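A.B. asks: Build me a structure from this.
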Amino acid sequence: MKELIERWVDSGDIQIVEREVDPRFECAAVIARAQRESDRPILFRNIKGSALPVASNLFGSRQRLSEYLGAGDGHFCQRWATLMKNPVAPPTVVPEADGEFRSASLDELPQLTYFEKDAAPYITSGIFLANQPDTGVPNLSYHRGMHISNDEVRVRLGTSHDLNRYQAAAEANGSALDAAILIGPPPEVAMAAASPIPPDESELDLVSRLIGGPLKMRPCRHVALDVPYDTEIVIEGRILPNVRRPEGPFGEFLGYYVPQGDNHVLEVLGVTIRESATYHALVCGSPEDQRLLELALCNRVFAHLDGTLRGILDVSCVPNLLNTVVKIDKHYDGHARQVILGAFGVHHDFVKSVMVVDADVDLNDLSDVYWAFLTRGRADDRVIIVPDVPGFYYGERKEHWGRIGFDCTMAMDRRADFERKQIPGIDDIDLRDYVV
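C.D. replies: Below you'll find the predicted structure:
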């Protein structure tokens with residue numbers, strides 16, 4: 001992350017805030033307002049109460065994610081599938097270089113409070129690394145962490161996450177689970193953590209496939225774990241067995257508050273900070289959060305559809321995880337409807353709505369997608385509604401039940417009628433050359 005930020009500063013591709021910013025609400029408000037106007041990352045150099053600068057929106061555009069992977073043509077999922085064929089290279093563990101890391105306390109980190117009713121400052125970009133107690137298989141996954149003190153972070157472990165199973169296995173033996181929270185690791189680590197894989201496989205192996213070689217690691221100082229060497233901040237600790245304490249409320253990714261509940265406790269044993277480190281702040285539900293969340297789902301949908309149907313080009317989730325957009329090279333009438341039905345079965349919680357578009361449509365721009373639906377055919381016969389299909393199950397609440405699909409593609413025999421108008425040279429224009 002450090003090298004990325006330095007490159008963006010040199011190129012002018014990052015927004016820089018020099019004035020002092022309050023970590024309670026103000027920082028989040030500036031990030032959210034900046035994301036309304038641009039997908040550029042943002043860097044705060046003066047956060048009240050902390051010596052560390054704060055960066056956000058690092059992953060806030062599909063274009064940047066594609067650049068990280070080398071997907072120059074923008075077909076993110078195709079590139080991901082290609083990288084998954086790379087051989088796994090075991091991590092390389094090396095000692096710390098003299099003076100590159102220092103010990104710190106949790107209260108040295110920016111104490112960011114994001115939403116009005118959040119119970120406390122939260123770590124939102126933290127990637128938890130832990131090893132399965134019996135097999136030693138490492139896991140990387142995102143979980144929110146509530147600041148309590150220098151010694152305690154309260155954590156909500158999702159019931160479907162591998163880390164929850166790791167903790168349960170350790171707890172069954174009466175043991176704590178060693179864990180490290182990574183803040184600001186290399187971008188491939190962040191992407192791997194957002195991409196669930198089978199429980200017997202390692203996300204660190206996934207990282208090696210993404211980078212095409214071994215991942216450089218270093219030993220922790222307080223727990224028996226190795227962590228990615230180039231991580232800005234590492235919080236080392238252990239998740240305590242048979243201990244649950246109040247955590248929340250907190251503003252989560254769907255735009256609502258998750259109420260207070262009794263959740264897990266991480267006992268903090270130490271913090272290491274890289275020299276000249278930057279803290280990564282992530283506003284839950286923001287474009288950056290959504291782009292990371294969609295990694296797992298869009299690649300899963302792509303893999304399923306590409307294995308069963310022809311012409312699958314790419315998949316995204318805009319504006320959020322509940323709407324899946326599939327770009328296809330349409331081969332025959334009814335092709336889009338097959339894609340819709342195929343996508344419905346991939347994930348019963350998140351694939352609530354499916355929109356299928358032609359190859360010339362920007363699947364990352366919902367305005368372009370819906371424009372295609374409205375202009376390329378009738379509105380009344382290109383929608384598939386599947387009623388009474390369960391989604392997220394919340395007892396009697398059924399907000400996420402049902403499925404809807406939109407065929408936004410053009411008719412096979414009328415392609416000439418839908419040739420898009422173009423302004424020559426528009427993609428080569430850099431507004432900074434024209435606007436002061």
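A.B. asks: pretty sure Leu182 contacts Asp230?
C.D. replies: No. Contact criterion C-beta atoms under 8 Å: Leu182 and Asp230 do not qualify, at 10.3 Å. Backbone N, C-alpha and C define where each C-beta goes, glycine included.
A.B. asks: between the two, who's got more neighbours?
C.D. replies: Leu182 (23 against 18; other C-beta atoms under 10 Å).
A.B. asks: How is that one assigned, secondary-structure-wise?
C.D. replies: strand (DSSP: H, G, I helix; E, B strand; the rest coil).
A.B. asks: For burial, what's the neighbour tally of the nearest residue to it once chain neighbours are set aside?
C.D. replies: Using C-beta to C-beta, 6 or more residues apart in numbering and skipping the chain neighbours, the partner closest in space to Leu182 is Ile127 (4.3 Å). Neighbour count for Ile127, taken as other C-beta under 10 Å: 24.
A.B. asks: now Glu18
C.D. replies: The number of residues near Glu18, taken as other C-beta under 10 Å, comes to 9.
A.B. asks: contacting residues for the nearest residue to it once chain neighbours are set aside?
C.D. replies: Distance criterion C-beta to C-beta, 6+ apart; nearest residue to Glu18, sequence neighbours excluded, is Arg45 at 5.6 Å. Arg45 makes contacts with 16-18, 53, as judged by C-beta atoms under 8 Å, 6 or more residues apart in numbering.
A.B. asks: can you give me the strands in the stretch 101-250 of the chain?
C.D. replies: For the stretch 101-250 of the chain, the strands defined by DSSP state E, counting those that start in this stretch occupy 101-104, 122-123, 127-131, 138-142, 145-149, 152-155, 177-183, 216-219, 226-228, 233-247, 250-251.
A.B. asks: mind putting the ones you listed in a markdown table, distance to Asn57 included?
C.D. replies: Output for the strands of the stretch 101-250 of the chain, formatted as a markdown table (distance: least, C-beta to C-beta, whole Å):
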| stretch | distance to Asn57 |
| --- | --- |
| strand 101-104 | 25 |
| strand 122-123 | 17 |
| strand 127-131 | 17 |
| strand 138-142 | 16 |
| strand 145-149 | 20 |
| strand 152-155 | 24 |
| strand 177-183 | 15 |
| strand 216-219 | 26 |
| strand 226-228 | 21 |
| strand 233-247 | 18 |
| strand 250-251 | 17 |
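A.B. asks: Any chance of TSV for those, columns mean pLDDT and distance to Lys330?
C.D. replies: Formatted as TSV, the strands of the stretch 101-250 of the chain follow (pLDDT from 0 to 100; distance: least, C-beta to C-beta, whole Å):
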stretch	mean pLDDT	distance to Lys330
strand 101-104	96	53
strand 122-123	98	44
strand 127-131	97	39
strand 138-142	94	36
strand 145-149	97	45
strand 152-155	98	46
strand 177-183	98	42
strand 216-219	97	44
strand 226-228	97	42
strand 233-247	98	47
strand 250-251	96	40
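A.B. asks: So which of those is nearest Asp380?
C.D. replies: strand 250-251 (38.0 Å; C-beta to C-beta).
A.B. asks: Give the other helices and strands that that closest one contacts.
C.D. replies: strand 257-258 (3 or more C-beta pairs under 8 Å, 6 or more residues apart in numbering; DSSP states H and E).
A.B. asks: for the helix or strand following the strand it packs on, packing partners?
C.D. replies: Toward the C-terminus, strand 257-258 is succeeded by strand 261-274 as the next helix or strand (DSSP states H and E). Applying 3+ C-beta pairs under 8 Å, 6+ apart, we find strand 261-274 packed against strand 101-104, strand 152-155, strand 233-247.
A.B. asks: Adjacent strands (with direction) for strand 261-274?
C.D. replies: strand 101-104 (antiparallel), strand 152-155 (antiparallel), strand 233-247 (antiparallel) (DSSP bridges).
A.B. asks: Correct me if wrong, but Phe302 is in a helix.
C.D. replies: Yes. Secondary structure of Phe302 (three-state DSSP): part of a helix.
A.B. asks: which residue packs closest to it, ignoring adjacent ones?
C.D. replies: Cys77 (3.8 Å).
A.B. asks: Tell me who's in contact with the one you found.
C.D. replies: Cys77 neighbours (C-beta under 8 Å, 6+ apart): 298-299, 302, 314-315.
A.B. asks: Widest-spaced pair of these?
C.D. replies: Longest span within these, C-beta to C-beta: Asn299 and Asp314, 10.4 Å.
A.B. asks: Neighbour count for those two, which is higher?
C.D. replies: Each of Asn299 and Asp314 has its neighbours counted (other C-beta under 10 Å); Asp314 has more, 25 against 20.
A.B. asks: Can you list the low-confidence ranges for the stretch 301-436 of the chain?
C.D. replies: Residue ranges of the stretch 301-436 of the chain with pLDDT under 70: 393-396.
A.B. asks: redo that, cut-off 80
C.D. replies: 392-397, 436 (pLDDT under 80).
A.B. asks: which stretches of it form strands?
C.D. replies: With DSSP E, counting those that start in this stretch as the criterion, the stretch 301-436 of the chain has strands spanning 312-317, 323-328, 353-357, 383-386, 403-407.
A.B. asks: got the ones you listed as TSV, with distance to Thr92 columns?
C.D. replies: Shown next, in TSV, are the strands of the stretch 301-436 of the chain (distance: least, C-beta to C-beta, whole Å):
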stretch	distance to Thr92
strand 312-317	33
strand 323-328	38
strand 353-357	42
strand 383-386	49
strand 403-407	46
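A.B. asks: Next up, the contacts around the closest residue to Ile235 other than its chain neighbours.
C.D. replies: Take Ile235 and drop its neighbours on the chain: the residue closest to it by C-beta to C-beta, 6+ apart is Ile181, 4.0 Å away. Listed by C-beta under 8 Å, 6+ apart, the contact partners of Ile181 are 123, 126-129, 145, 153, 234-235, 237, 266.
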